[in-house]
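1. model the following, please.
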Amino acid sequence: MTTSTSAYGGPSRTIALLAAWLATGGSLFFSEVMHFTPCLLCWYQRILMYPLAIFIAIGMIRRNSDIHHYVLPFSLVGMGTSLYHYLLIKTDWFPPPPCLDGVPCTVDYLNILGIINIPFMALVAFFIITVMMVASHYEPYAPVDDPAQINGIRALVAPAAYPVYAVVAGVLIFLTVMAFLI
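-> Reported below is the predicted structural model:
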């Protein structure tokens, strides 16, 4: 098996970074703008997501090809937590945890099409980050003679990232419209 090398390390890291930023921004939007009080499981998901927005950015700036080693543990545990939270709300497979303080973990603030809610969106973000980090393993950064010639910031403005930015902008517009309709 051969691995490809690219100056930008491929678009996978950029997609993962945008997913982490979108999830972080979305959680802050729901709590600070929409005034949805996070439950205990929401806090656990935030604890796992927020560092990813920083780790991935630093890894890209430093052109770290091994970024997946320290991102995957967070994203895999986050996927498990989000899936449990989603199933807790949508099914009766698990008994609700005894929430002694604050909002119960079974509260469903958002329900789009009967499927999409906040834990589902977190699950999708963690899934995207996980898949992109596995893909990044096969897309190492190309070695450079002059470090000033190519840096990780260029990956953020690479033309390959433009469609991803369009999707993120569309999701942000959708969330903003939904916020005004709720």
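
2. only C-alpha atoms for contact and neighbour calcs from this point on.
-> OK.

3. low-confidence ranges in this protein?
-> Confidence mapping of the chain against pLDDT under 70 gives the ranges 1-10, 98-100, 141-162, 164-165, 168, 171-172, 175-182.

4. can you give me the helices for it?
-> In the chain, helices defined by DSSP state H lie at 12-28, 40-61, 68-90, 118-137, 153-156, 162-181, listed in chain order.

5. residue closest to the middle of this protein?
-> When C-alpha atoms, centre = their mean is applied to the chain, the residue found nearest the centroid is residue 20 (3.2 Å).

6. quick check: closest non-adjacent residue to it.
-> Excluding the flanking residues, the one nearest residue 20 by C-alpha to C-alpha, 6 or more residues apart in numbering is residue 53, at 4.9 Å.

7. isn't the residue nearest to the centre of the chain right next to residue 125, touching?
-> Yes. With contact defined as C-alpha atoms under 8 Å, residue 20 and residue 125 form a contacting pair (6.8 Å).

8. TSV for the helices of the chain, including distance to residue 97?
-> Below are the helices of the chain laid out as TSV (distance: least, C-alpha to C-alpha, whole Å):
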stretch	distance to residue 97
helix 12-28	22
helix 40-61	10
helix 68-90	9
helix 118-137	16
helix 153-156	41
helix 162-181	28
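
9. of all those helices, which one is nearest residue 96?
-> Among these, helix 68-90 comes nearest to residue 96, with 6.8 Å by C-alpha to C-alpha.

10. export the closest one as CSV, just CAs?
-> Output of helix 68-90 as CSV, limited to C-alpha atoms (Å, rounded to 0.1, in the frame of the first residue of the first chain):
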residue,chain,number,x,y,z
HIS,A,68,-5.0,11.4,14.3
HIS,A,69,-3.2,9.8,17.3
TYR,A,70,-4.4,12.4,19.7
VAL,A,71,-7.7,13.3,18.0
LEU,A,72,-9.2,9.8,17.6
PRO,A,73,-9.5,9.0,21.3
PHE,A,74,-11.6,12.1,21.8
SER,A,75,-13.8,11.6,18.8
LEU,A,76,-14.4,7.9,19.4
VAL,A,77,-15.4,8.5,23.0
GLY,A,78,-17.5,11.4,21.8
MET,A,79,-19.3,9.2,19.3
GLY,A,80,-20.1,6.7,22.0
THR,A,81,-21.4,9.4,24.3
SER,A,82,-23.5,11.0,21.6
LEU,A,83,-25.0,7.7,20.4
TYR,A,84,-25.9,6.8,24.0
HIS,A,85,-27.5,10.2,24.5
TYR,A,86,-29.4,10.0,21.2
LEU,A,87,-30.7,6.5,22.0
LEU,A,88,-31.6,7.6,25.5
ILE,A,89,-33.8,10.4,24.1
LYS,A,90,-35.3,8.5,21.1
